[in-house]
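Enquirer: Need a 3D model of the sequence below.
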Amino acid sequence: MLRLPPFTYHRPKTAAEAAALHKEHGKQAMFVAGGTDLYPNMKRRHQVPTHVVSLQDVPGLTAIEQLPDGRLAIGAMVSLTTLEKHLQLLRDYPGLAHAIAEISTPLLRNMGTIGGNLLLDTRCTYYDQSHEWRESIDFCMKKDGAICWVAPGSPRCWAVQSSDSVPVVCAMEAEFELVSTEGTRTVRGDALYRDDGIEYLTKKPEEVLTRLILPKTGGWKASYLKLRRRDTYDFPVLGVGACVWTDAGGVVTKANIRLGGAGSYAIPATESEKLLVGNQLTDELIAAAGTAAMKPARTMDNTDLDVYWRRKVAPVFVARALAACK
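Expert: Here you go, the predicted model:
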């Protein structure tokens, strides 16, 4: 049986207090929301904080609020189950609602939170194993070792971003509200993530993610598609988040496509986006944009299934995600 290492459990009453506790204990502290990722990782000794700071008593983090400017603010501690069944989310943000429904299993969605999924630890075939398994290969760069077994000659870690919500949230250009001892700041979509398997977030460790702020509806559509081995609870081998803005005549004015499960962040399919702008979403254009997405769908041996197959199916999934935005 895998057991948790010993730690001190804190239950602060405000986000600022939570940030102060984390800052006080530094690298020995970690936040916990639903715990569906952190606690298993602690059992496998991926993370071994001696101070765990719970966010469950912080007021307001379970609220879903319509802002005066038409945007929708979702507290970081809102459960995934609540969101996948939320009528306003299903009506106004169906792409995100679908992505959330694709996360793990119903039991884990009951416990898991949107904030936890947005900050999900990066994953890798060589990292997501027991301590004994990792010890047998002399560990890896992400934890306790010096070599990235995905690319032994590489100076960096190639663990992948495997969150289902991140690609579509970034494509939608949603915003994140962060609270620290220095105050509150807001960052937009892609700015929260870094292309690095270890340092995969740009936020300071002591900052608390308090809210996800979705853009005002109208003039755009978003979608999400997921490729995985089993259609029940697996992490994505590829997750495609797409968002397309159009004018009154149906001409694309802006397009964002993000590829999850393929790199350490949600990779922009930049060439595909360029093809779309200034044109209408015809079947031919969608197919061309899908083909252009093959290159950024990296072929690294760091996830489930054959890496070359993932690259080959990327154009198909990108095209389907764009078709859903028509």
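Enquirer: the helices in the stretch 51-200 of the chain, which residues?
Expert: Using DSSP state H, counting those that start in this stretch, the helices of the stretch 51-200 of the chain run over 80-84, 87-92, 94-101, 106-111, 114-118, 131-136, 165-171.
Enquirer: who does the last one touch, helix- and strand-wise?
Expert: Based on contacts counted as 3 or more CB pairs under 8 Å, 6 or more residues apart in numbering; DSSP states H and E, the elements that helix 165-171 packs against are helix 94-101, helix 114-118, strand 220-227, strand 238-246, strand 252-260. All C-beta spots, glycine's among them, are computed from the backbone N, C-alpha and C.
Enquirer: Mean neighbour count, distance to residue 299 and mean pLDDT added to these, as JSON lines?
Expert: As requested, those are exported to JSON lines (neighbours: other CB atoms under 10 Å; distance: least, CB to CB, whole Å; pLDDT from 0 to 100):
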{"stretch": "helix 94-101", "mean neighbour count": "23", "distance to residue 299": "24", "mean pLDDT": "98"}
{"stretch": "helix 114-118", "mean neighbour count": "25", "distance to residue 299": "26", "mean pLDDT": "98"}
{"stretch": "strand 220-227", "mean neighbour count": "23", "distance to residue 299": "14", "mean pLDDT": "97"}
{"stretch": "strand 238-246", "mean neighbour count": "27", "distance to residue 299": "12", "mean pLDDT": "97"}
{"stretch": "strand 252-260", "mean neighbour count": "24", "distance to residue 299": "12", "mean pLDDT": "97"}
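Enquirer: Format the ones you listed as JSON lines; extra columns: distance to residue 270.
Expert: Shown next, in JSON lines, are the helices and strands packed on helix 165-171 (distance: least, CB to CB, whole Å):
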{"stretch": "helix 94-101", "distance to residue 270": "20"}
{"stretch": "helix 114-118", "distance to residue 270": "23"}
{"stretch": "strand 220-227", "distance to residue 270": "18"}
{"stretch": "strand 238-246", "distance to residue 270": "13"}
{"stretch": "strand 252-260", "distance to residue 270": "8"}
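Enquirer: Looking at those, which is nearest to residue 298?
Expert: Proximity to residue 298 (CB to CB) singles out strand 252-260 among these, at 8.5 Å.
Enquirer: now the closest one against strand 220-227, angle please.
Expert: Strand 252-260 and strand 220-227 are oriented at 20 degrees to each other (axes from the mean of the first three to the mean of the last three CA atoms, to 10 degrees).
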